[in-house]
Every structure is written in C-alpha cells, then in structure tokens.
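K.L.:
Below is the structure, and that's it, no one-letter string:
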C-alpha cells in the first residue's frame, strides 16, 4: 500500500508541474497564444482594416459627387440616390447595366476618374482581406525573430505587485522593455505587462519548457516573484538547472523560508513580509523616515539609490568627500559600507552605491590644493 501511495503522489506531482506537451518542442506558429510580442498599434490588422474601410467609403462618396455633378450625361436623370447607387455598383464591378454614361463627357470622366477609383477600391478591399489573413503569419515571424535575438535579457516570473515593481525599477534604470520577459499564468496581468511594451509568456515558471521558450538559458538575470513561497522554491530549482550562471533574485514572504530559496539556487533573497513589518514599525515612530525610504525605493520619483563606476579623478579619494552621497563601495563583488576602513580610499574598478536625484548630475568636488 505504501508503494502504491508513493507512486500515486509522484503521478500527481508530475501532472501538476510537468507539461503534457513540451512547449519548447512546438513550432513557432503553435506558440502564438503563449508568447505575445508587443507591436505598434498602427500595425494591427484590424486597425489597418478600419483605415481601408474609411478610404473605401471616401472613394464611394467621391464618385457619387462626380456622377451627381455630371448627372445629365447618363441614360437617366441622376438624383443623389441614383448617383450613390451607380458609384456602388460601378466600384464593386457589379455593373447591372441599368445606368450607363451616354455623353462623351460622362464617358471621359468614367475613364479618367471612376476607373482608377475602381482599381483603388478593389486594392483596398483585397489588401484589407490579406492583412487579416496574414496576421497569424506575421505574428509567427515576430516570435521567430524575437527568439533568435534573445540574449542577456531579464526574465520576471510573476507579474503581481512585486513583479510589476521590479519591472518598474528595471525600466527606470534604462533597461529596454524589449529586454524584459514576463512569465505569468494570469492573462489580465500579462495584458497589463504587454501594455507597457513587455514580451509576455503565458505559463508557469515552475515548468522547464515555459522557461526554455523564455530563453532562460541565455538570460543574464531572473527575478522570481510568485505568489507563494513553495512556488518560488520550485521556480528557483528549475531556473538554476537551466541557467547555472544566471543571477537569480527571489522574493519570499516568510523569513523562515529564506534559506530554502538560497539552497534552491537564488543569489539574493528579499523577505517581503519582514521588510513590510520593519517599515510599519518605523512608521509608528518616525513616519517621515518611511516616506524618505519609499522615495528612495520609488523609481523616477525624486531621490533613488543608484550604482555607478568610480571615475578616474575619484580614484584614491574618500567616498565621503565626493559630491554624491555615497552609501557603500562595491569591490570584487563585496559590499563595503562607506564608514568602514575598506572603503576609505577608492580604487580602480570600484562601483559606488549612492543617492541620485533624477534632475541633477553628479559634480566633481575639488580639494583645496586643486583650487590653489
């Protein structure tokens, strides 16, 4: 009985976390409902169809006016309705033959104006039809081209509040939206991400085939922000197996699960519940401090914490004497606080964590000896 129960549990695990059909083995045209590559609204086939319909209607109106003005040159006295009727049957090449041009002037107008208008009208209708029919082929080509060029990008697993905040921070740091891929199982969240110009993939970040079509093997960093801690652990395990050298940053709700994410391959773990608790505690005593911290963490809103390389003229200087407010020095992948001895003198290759203002540029502060 114990062996059968274990096999049943294993089967349920596979049915939940392993795909029935490997998406990574599917051709690009089969991934249209899975991968969404943002495109210009003007390139939408339905938008193009609407424009062509308006142009076609405009041509009908134009021909109606021309025929009505020259109404005396036809086999019947042309009213406005008759003119519209003749324009419609003529442009659509139906040609019932009940109304025909009889005067030389009317025939010349048909030859010079109405015949070219008829050709343009047909081209518009055929073009609209082809535009809609070839939309699937165009989207397939977009997916194929995107997958070929996908390198050194960032994959965000989960586009909830934390995932959206992570993407906002990346965009604020000048990361192109084309270099960010969002994975989620919520269509509404993916639609929101697509609205911001992000490539989206519908699926679970725990499944390796979904990660493969997101190009995790070629990604430079992966942000793991699912709704539950156990899902985050599974995501980290799957990602680390596919991308041994990628940087994985994960979010965990409870601090007691932090070590599980680190053991699963995460390079950095942020404890959301614990961080929120600290902010709540600070807000009860010093609310202005919390406001300043939120300002520092909010991209494109006043002050922010940024990173930059040490400039040549800053080598050998104490970071506390720079114009920028330096918080720490990053040296050989080790972080040194600005008040420690290791950060007393800057060296070539160091990077600075400092407070930046969006409207200001760092300036050089000269020593007294330089002024002399």
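P.N.:
That came in fine, so what should we check first? Bear in mind the structure is a predicted one, so any value in this text is a computation, not a measurement.
K.L.:
what ranges do the helices span in the stretch 151-300 of the chain?
P.N.:
Under the criterion DSSP state H, counting those that start in this stretch, the stretch 151-300 of the chain carries helices at the ranges 161-172, 187-195, 208-213, 229-242, 258-263, 272-285, 287-297.
K.L.:
Now mean neighbour count, distance to residue 153 and mean pLDDT too, for those helices, in CSV please.
P.N.:
Where C-beta positions appear, they are placed from N, C-alpha and C, glycine not excepted. Supplementary listing: these in CSV, determined by neighbours: other Cβ atoms under 10 Å; distance: least, Cβ to Cβ, whole Å; pLDDT from 0 to 100:
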stretch, mean neighbour count, distance to residue 153, mean pLDDT
helix 161-172, 18, 10, 86
helix 187-195, 15, 14, 89
helix 208-213, 21, 13, 90
helix 229-242, 20, 13, 92
helix 258-263, 17, 22, 90
helix 272-285, 12, 24, 70
helix 287-297, 13, 24, 72
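K.L.:
Tabulate those helices in CSV, adding columns for distance to residue 110.
P.N.:
Below are those laid out as CSV (distance: least, Cβ to Cβ, whole Å):
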stretch, distance to residue 110
helix 161-172, 57
helix 187-195, 49
helix 208-213, 56
helix 229-242, 67
helix 258-263, 77
helix 272-285, 74
helix 287-297, 71
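K.L.:
Which of those sits closest to residue 84?
P.N.:
helix 187-195 (41.6 Å; Cβ to Cβ).
K.L.:
distance from the centroid: which residue in the chain tops it?
P.N.:
residue 103 (61.4 Å; Cα atoms, centre = their mean).
K.L.:
related to what we said a few turns ago, wait, which of the helices of the stretch 151-300 of the chain is closest to residue 59?
P.N.:
When these are compared by Cβ to Cβ, helix 187-195 sits nearest residue 59, at 35.0 Å.
K.L.:
returning to that earlier point: just tell me which of the helices of the stretch 151-300 of the chain ends up closest to residue 79.
P.N.:
Using Cβ to Cβ, the helices of the stretch 151-300 of the chain put helix 187-195 closest to residue 79, at 49.9 Å.
K.L.:
which strands and helices sit next to that closest one?
P.N.:
In terms of contacts (3 or more Cβ pairs under 8 Å, 6 or more residues apart in numbering; DSSP states H and E), helix 187-195 is packed against helix 161-172, strand 180-184, strand 199-202.
K.L.:
For residue 92, find the nearest of these.
P.N.:
Among those, strand 199-202 comes nearest to residue 92, with 41.5 Å by Cβ to Cβ.
K.L.:
And that closest one, what does it pack against?
P.N.:
Using 3+ Cβ pairs under 8 Å, 6+ apart: strand 199-202 touches strand 35-36, strand 180-184, helix 187-195.
K.L.:
make it 6 Å
P.N.:
When contacts are defined as 3 or more Cβ pairs under 6 Å, 6 or more residues apart in numbering; DSSP states H and E, strand 199-202 sits against strand 180-184, helix 187-195.
K.L.:
For that strand, give me every contacting residue.
P.N.:
Strand 199-202 is contacted from outside by 34, 35, 36, 37, 181, 182, 183, 190, 193, 194, 214, using Cβ atoms under 6 Å, 6 or more residues apart in numbering.
K.L.:
closest one to residue 152 among the helices of the stretch 151-300 of the chain?
P.N.:
Comparing the helices of the stretch 151-300 of the chain under Cβ to Cβ, the one sitting nearest is helix 161-172, at 13.2 Å.
K.L.:
Compute the inter-axis angle for that closest one and strand 180-184.
P.N.:
170 degrees (axes from the mean of the first three to the mean of the last three Cα atoms, to 10 degrees).
K.L.:
mind checking how far helix 161-172 is from the chain centre?
P.N.:
11 Å (Cα atoms, centre = their mean, to the nearest Å).
K.L.:
domain assignment for this structure?
P.N.:
45-141, 151-276, 302-357 (the TED database).
K.L.:
Give the other helices and strands that the helix ranked longest in the chain contacts.
P.N.:
Using DSSP state H to define each element, the chain has its longest helix at helix 45-69. Contacts defined by 3+ Cβ pairs under 6 Å, 6+ apart place helix 45-69 against helix 80-91, helix 115-133.
K.L.:
Kindly calculate the angle that that helix makes with helix 80-91.
P.N.:
120 degrees.
K.L.:
Residue 224: neighbouring residues, count only.
P.N.:
31 (other Cβ atoms under 10 Å).
K.L.:
Repeat that for residue 33.
P.N.:
Other residues close to residue 33 by other Cβ under 10 Å number 7.
K.L.:
For it, give its distance to residue 103.
P.N.:
59 Å (Cβ to Cβ, to the nearest Å).
K.L.:
Ok, residue 194 next?
P.N.:
The value you get for residue 194 to residue 103, if Cβ to Cβ is used, is 58 Å.
K.L.:
Provide a list of residues in contact with residue 84.
P.N.:
residue 64 are the contacts of residue 84 under Cβ under 6 Å, 6+ apart.
K.L.:
Test for you: state the pLDDT assigned to it.
P.N.:
If you check residue 84, the pLDDT there is 86.
K.L.:
for the one 5 residues further on, same thing?
P.N.:
Model confidence at residue 89, expressed as pLDDT, equals 83.
K.L.:
Skipping adjacent residues, who's closest to it in space?
P.N.:
For residue 89, ignoring the flanking residues on the chain, the nearest one in space by Cβ to Cβ, 6 or more residues apart in numbering is residue 96 at 5.7 Å.
K.L.:
Now render the domains of the chain as CSV, adding distance to residue 287.
P.N.:
CSV is the format used below for those (distance: least, Cβ to Cβ, whole Å):
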stretch, distance to residue 287
domain 45-141, 48
domain 151-276, 15
domain 302-357, 17
